[in-house]
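> Structure of the sequence below:
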Amino acid sequence: MLLLVVLAGALLAAGCGGSDDDTPSATAWADEVCSAMTTWIGSVSSATESLGEGGLSEDGLEDAVDDVRDASQTLADDLQEAGRPETDAGQEAEALLDGLADDVEENLQELESAVDDVSGANDVLSAISVITGTLSTMADQVGAAFEQLGQLDGAAELENAFEESDECSALLSGQ
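Now for the predicted structure:
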């Protein structure tokens, strides 16, 4: 739940509440980005909840990290596939989200390493500490990326796109 609040706040700070076939309209781009975020938030929340529901075992930890890894890889892929929005800040926005996707992939390596190092019950708590820290870092990186989107030259077009996006509205309202 904390993750959802952090990310929703980041989207609000970013202003969240085509001429070329390969370039999505700004609103279509915002829909893709917010849809990817909504899916990721839901998947990560489910995975972390499973740990609190008796999943504090090596197998439970591995299952949760597998779910987070799959969701995060999908997020990274979706952000890169979103491409460049049709705005003056489009190239910068695309580069920013590509960088975020790279950060997500690096964090996935940390998550996998934490699980790989578990060899017994004592290691589970250490791994959970690394995992929660990494998830917090990921949330911070996502929030920072959305804040940076709101600060790009020509960001007003992106802000309008986020405001017009049904996917962003659903994300902000928690639906």
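> Which helix in this structure has the most residues?
Taking DSSP state H as the criterion, the chain has its longest helix at helix 121-149.
> Which positions within that one qualify as buried?
Of the residues in helix 121-149, 124, 127-128, 130-131, 134-135, 138-139, 141-143, 145-149 count as buried by neighbour count, 16 or more other Cβ atoms under 10 Å. From N, CA and C alone the C-beta is placed, and that goes for glycine too.
> helix or strand right after the helix or strand of the chain with the lowest mean pLDDT?
Least confident helix or strand of the chain, by mean pLDDT, DSSP states H and E, is helix 2-13 with a mean of 44. Next helix or strand after helix 2-13 toward the C-terminus (DSSP states H and E): helix 26-52.
> Which positions within that next one qualify as buried?
Buried-residue list, helix 26-52, by 16+ other Cβ under 10 Å: 26-38, 40-41, 43-44, 47-48, 51.
> Do me a favour and average the pLDDT over it.
When pLDDT is averaged over helix 26-52, the result is 88.
> now the angle from it to helix 121-149?
Angle between the axes of helix 26-52 and helix 121-149 is 160 degrees (criterion: axes from the mean of the first three to the mean of the last three Cα atoms, to 10 degrees).
> Quick one: classify residue 85 as helix, strand or coil.
Following DSSP: H, G, I helix; E, B strand; the rest coil, residue 85 is assigned to coil.
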